[in-house]
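Participant: predicted coordinates and the sequence they were generated for:
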Number of protein chains: 2
Amino acid sequence: MGTEFLNIKEVDEAKKIIKKLFNQYYAPKSEKIDIENSYNRVIFKDIISSIDLPPFNRSLMDGFAVKAEDTFGADDENPKELKCIDSIEAGSFSEKTIEHGECIEISTGAPIPKGADAIAMVEFSEREDNDIFILKSVAPRQDLAIKGSDIAKDKLLLKEKTILSSDKIGVLAAQGIKEIETYKKPKIAIISTGNELITSVNSLEYGKIYDTNSYSIQTGIIDNGGDAEIKGIVKDDYDQLKDKIEESLEDSDIVICSGGTSAGVGDVLRHVLDEIGEVIIHGISVKPGKPTIVGIVNNKLVIGLPGNPVSALIIFYVFIVPNIRKLAGLNEIEENKITKAILTKRIHTPKGRMQYSLVQIKEGLAYPIMKDSGAITSLADADGYIKIPKMVELVDEGEEVEIRLFK
Amino acid sequence: MGTEFLNIKEVDEAKKIIKKLFNQYYAPKSEKIDIENSYNRVIFKDIISSIDLPPFNRSLMDGFAVKAEDTFGADDENPKELKCIDSIEAGSFSEKTIEHGECIEISTGAPIPKGADAIAMVEFSEREDNDIFILKSVAPRQDLAIKGSDIAKDKLLLKEKTILSSDKIGVLAAQGIKEIETYKKPKIAIISTGNELITSVNSLEYGKIYDTNSYSIQTGIIDNGGDAEIKGIVKDDYDQLKDKIEESLEDSDIVICSGGTSAGVGDVLRHVLDEIGEVIIHGISVKPGKPTIVGIVNNKLVIGLPGNPVSALIIFYVFIVPNIRKLAGLNEIEENKITKAILTKRIHTPKGRMQYSLVQIKEGLAYPIMKDSGAITSLADADGYIKIPKMVELVDEGEEVEIRLFK
């Protein structure tokens, strides 16, 4: 139970090193997916429109395709008579060309026949066999959509890094795009370590607690564009942890452990990383979360978060999330997840160490969460966290603070 | 291409009828799912805590479990000497009871041994073999978390209809809950009809367009708690549509069609519903979206939306979404999806018919989208829609309007 850390870094330095490691060992990858499954995925490269929309001059109404000129002056008293020479349903077309004095019956969505330049609505017409009486004059281009007026061919349709919302998927579908190249989600394995941890299939023996970190980190990964797999719990045991990490590295891009990182007796992860790879960071000068480890094994990152649920999640959000987001094609920080509020209670902090403190937000006020940092309800109550710089000893009641929201 | 509607309803009446049909034919169902897959799911019934958290009096620090009284007066100059009689790692426990003058070495997270009432931190101690010198006095209960102080047993843990966010899943995990009863997502089949529609596997023949409604309705369903399956395109053909609806009803709770609903030649869906079930609503007095059909087949709802993408999506949001949400355990309307903005341009509407108009929002201003209603980009540009009551003929520039956001 000592406090020996090998390679303690300041917060900004640690951020820089971790970012550099991500850049060095990972590049965004893409995968093609069916647009049916593309909701909320991120576009990998610019998409250029391949067809005009509408793809042809299209009727916007049920009625008659006419030469507008033929209808000029028409009203109830002075109907203009036209001969109907064909009929076009949506999905079909007419080979005929209308001449002066002629019209073609047309459905909404059907292509405008040659010779016509406007639609006379069926509501303002009367019909006797093939004699159509137009009761209202129409202007050229009335009630038709010109080819390419909605989306023109060969234009930028959707930019890279666009998130595929409902409307954007609609645009792709309208272009006849079936598959789309999207950012591949980085695959992240999650391991919880600790002799005190058990999974919920077991009953709770004295001295044990159920693992929660696997689940909070899992949803944190999902929320930020990654693909998470819970690999289970291992004891603070060198061989068990080594085997689990090696197994996890086989089918994952990144491995995130929590627990087993403290200096002293519990420091199994450091020894494993020393043996099978390299420890880059051991300890960050931050509260909570000092016992954080970052290592490289087989050109992949293995990250050790503290075992304490609050510390684990804060370290994960501060140091890891922006890098996962970047790899997933997302902005490193979501702008709408930063907000400001007035602190309701003074927070004292240890000078000389950056501190992150959980807060709950209610009606523009930020309430610090003062529970002990092992309390699972402190995470349940928290909306986000504030950052207190290294040289600040207290943030006073009534000060405006900037909050990074979890959700 | 006539305009004969069988059973036209006013908007409020139609809403009421559709709501009643949902209540009559559907009841929320539940399903048990693993908490690993429970993210964003909705809890079906209140969950009561089954264990205390922490489950035992727990050390918050690495150090020594002591009788606080034994440390009173201790400082660097006057250390108090205690005999260390055991050591407890997290996950294990000690059978021993400490007496005055004794202590037990303890790790963060380990259970407090009998006789101890506080933790003396390792940082404020010195050790010579089993002689421990306490350098700072501690108060009773210092640095320990009392059993049940985080979450007490037999209390309401999570209310029904709670949406399972990251922190809530953490709370379930901490309670050792592996599986959770959640609202089952209503399963909804989507069919697009129209001779002009083709899927993207086909190249675009003259007069045809690619289907977009399937995709925009699909994501609308997903966004609102449902499970959507795209069943494909059928022609405006009685037998094809009938077969597709019957096949879709087999494995879905609800069937949503778009297109094929107009009065007149295209009115295939009405005939199918008349034959295999019952038409309840045919036509709603609303713009856009008049040709909407609601029917019942084999005690299941079959809904026909207009073919036009804008009309289809608006009708879907106004009449169907609140009912899907209720079935999925969600609030019928999400409060944070209603906002207000100032209209930048006058909108004229046909008096005597409720109108819904798409708007785009920029910096607190609502810009009406004036494109023709077949334009796919009008959906891509829209942030939501405003409702203009039946008796209103125009909404003026500068008026504040209430907007229902899509996302």
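Facilitator: Yep, it's here.
Participant: what about stretch A:209-219, near chain B?
Facilitator: Yes - Stretch A:209-219 comes into contact with chain B (C-beta under 8 Å from any C-beta of the partner chain), by way of A:209, A:210, A:211, A:212, A:214, A:215, A:216, A:218, A:219. Yep, even glycine has a C-beta here, placed from its N, CA and C like the rest.
Participant: separation between the closest residue to residue A:396 other than its chain neighbours and residue B:139?
Facilitator: Of all residues not flanking residue A:396 in the chain, residue A:346 sits nearest, at 5.3 Å (C-beta to C-beta, 6 or more residues apart in numbering or on different chains). Distance, residue A:346 to residue B:139, using C-beta to C-beta, to the nearest Å: 21 Å.
Participant: can you check residue A:187 too?
Facilitator: Residue A:187 is 48 Å from residue B:139, by C-beta to C-beta.
Participant: what are the ranges of the helices in chain A?
Facilitator: Using DSSP state H, the helices of chain A run over A:11-25, A:166-174, A:213-223, A:238-250, A:268-276, A:309-315, A:321-327, A:376-381.
Participant: restrict the third one to CA atoms and write it as CSV.
Facilitator: Output for helix A:213-223, consisting of C-alpha atoms alone and laid out as CSV, is shown next (Å, rounded to 0.1, in the frame of the first residue of the first chain):
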residue,chain,number,x,y,z
ASN,A,213,-17.3,0.4,-14.0
SER,A,214,-17.7,-2.0,-16.9
TYR,A,215,-21.2,-0.6,-17.5
SER,A,216,-20.6,3.1,-17.0
ILE,A,217,-17.5,3.0,-19.2
GLN,A,218,-19.4,0.9,-21.8
THR,A,219,-22.2,3.5,-22.2
GLY,A,220,-19.6,6.3,-22.2
ILE,A,221,-17.9,4.6,-25.1
ILE,A,222,-21.2,4.0,-27.0
ASP,A,223,-22.2,7.7,-26.4
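Participant: residue ranges with poor pLDDT in chain A?
Facilitator: The model of chain A has pLDDT under 70 over residues A:1-4, A:6, A:260-266, A:373.
Participant: okay, now the domains of it?
Facilitator: With domains defined by automatic domain parsing, chain A comprises A:11-29+A:184-327, A:32-53+A:154-183, A:58-145, A:338-405.
Participant: mind putting these into TSV with mean neighbour count?
Facilitator: Converted to TSV, these look like this (neighbours: other C-beta atoms under 10 Å in any protein chain shown):
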stretch	mean neighbour count
domain A:11-29+A:184-327	21
domain A:32-53+A:154-183	19
domain A:58-145	19
domain A:338-405	17
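Participant: reformat those as JSON lines; add distance to residue B:45.
Facilitator: JSON lines is the format used below for those (distance: least, C-beta to C-beta, whole Å):
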{"stretch": "domain A:11-29+A:184-327", "distance to residue B:45": "19"}
{"stretch": "domain A:32-53+A:154-183", "distance to residue B:45": "29"}
{"stretch": "domain A:58-145", "distance to residue B:45": "48"}
{"stretch": "domain A:338-405", "distance to residue B:45": "19"}
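Participant: who's in contact with the residue of the stretch 201-350 of chain A found nearest chain B?
Facilitator: The nearest approach of the stretch 201-350 of chain A to chain B comes at residue A:219, 3.6 Å away (C-beta to the nearest C-beta). Contact analysis of residue A:219 by C-beta atoms under 8 Å, 6 or more residues apart in numbering or on different chains lists A:228, B:39, B:165, B:166, B:169.
Participant: these two touch, right, the second one and residue B:167?
Facilitator: No - at 11.3 Å, residue B:39 does not count as touching residue B:167 under the criterion of C-beta atoms under 8 Å.
Participant: nearest residue to residue A:379 other than its sequence neighbours?
Facilitator: Closest residue to residue A:379 apart from its sequence neighbours, by C-beta to C-beta, 6+ apart: residue B:167 at 4.9 Å.
Participant: would you mind measuring from that neighbour to residue A:407?
Facilitator: To residue A:407, residue B:167 is 8 Å away according to C-beta to C-beta.
Participant: ok, residue A:68 next?
Facilitator: Distance of residue A:68 to residue A:407, computed by C-beta to C-beta: 56 Å.
Participant: same question for residue A:328.
Facilitator: Per C-beta to C-beta, residue A:328 is found 17 Å from residue A:407.
Participant: who's more crowded, the two?
Facilitator: More neighbours surround residue A:328 than the other of residue A:328 and residue A:407, with 21 against 11 (other C-beta atoms under 10 Å in any protein chain shown).
Participant: can you list contacts of stretch A:133-147?
Facilitator: Residues outside stretch A:133-147 that contact it (C-beta under 8 Å, 6+ apart) are A:52, A:54-61, A:63-64, A:66, A:68-76, A:79-82, A:103, A:112, A:117-121, A:124-127, B:372, B:374-375.
Participant: and residue A:369, its phi and psi?
Facilitator: Phi and psi for residue A:369, reported as degrees, to the nearest 10, are phi -100, psi 110.
Participant: residue A:98: what's it in contact with?
Facilitator: By C-beta under 8 Å, 6+ apart, the contact set of residue A:98 is A:65, A:66, A:67, A:85, A:104, A:113, A:114, A:115, A:116.
Participant: got the contact list for the first one?
Facilitator: Residue A:65 makes contacts with A:59, A:88, A:98, A:103, A:104, A:105, A:106, A:112, A:113, A:116, A:118, A:119, as judged by C-beta under 8 Å, 6+ apart.
Participant: turn those residues into TSV, columns for distance to residue A:196.
Facilitator: Putting the contacts of residue A:65 into TSV (distance: C-beta to C-beta, whole Å) gives the following:
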residue	distance to residue A:196
A:59	72
A:88	75
A:98	84
A:103	84
A:104	81
A:105	79
A:106	75
A:112	75
A:113	79
A:116	80
A:118	79
A:119	75
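Participant: nearest spatial neighbour of residue A:359, skipping sequence neighbours?
Facilitator: Nearest residue to residue A:359 in three dimensions, chain neighbours excluded: residue A:366, at 4.3 Å (C-beta to C-beta, 6+ apart).
Participant: for that neighbour, what are its contacts?
Facilitator: Contacts of residue A:366 by C-beta under 8 Å, 6+ apart are A:341, A:342, A:343, A:344, A:359, A:360, A:386, A:401, A:403.
Participant: out of the residues you listed, which sit inside strands?
Facilitator: Per DSSP state E, strands hold the following members of the contacts of residue A:366: A:341, A:342, A:343, A:359, A:360, A:386, A:401, A:403.
Participant: distance of the first one from residue A:79?
Facilitator: As defined by C-beta to C-beta, residue A:341 lies at a distance of 69 Å from residue A:79.
Participant: and what of residue A:37?
Facilitator: Using C-beta to C-beta, one gets 54 Å for the distance from residue A:37 to residue A:79.
Participant: residue in the stretch 1-150 of chain A nearest to chain B?
Facilitator: Closest point on the stretch 1-150 of chain A to chain B, by C-beta to the nearest C-beta, is residue A:91, at 3.1 Å.
Participant: roughly how far does that residue sit from residue B:307?
Facilitator: 11 Å.
Participant: so what's in contact with these two at the same time?
Facilitator: The contact sets of residue A:91 and residue B:307 overlap at A:109, B:194 (C-beta under 8 Å, 6+ apart).
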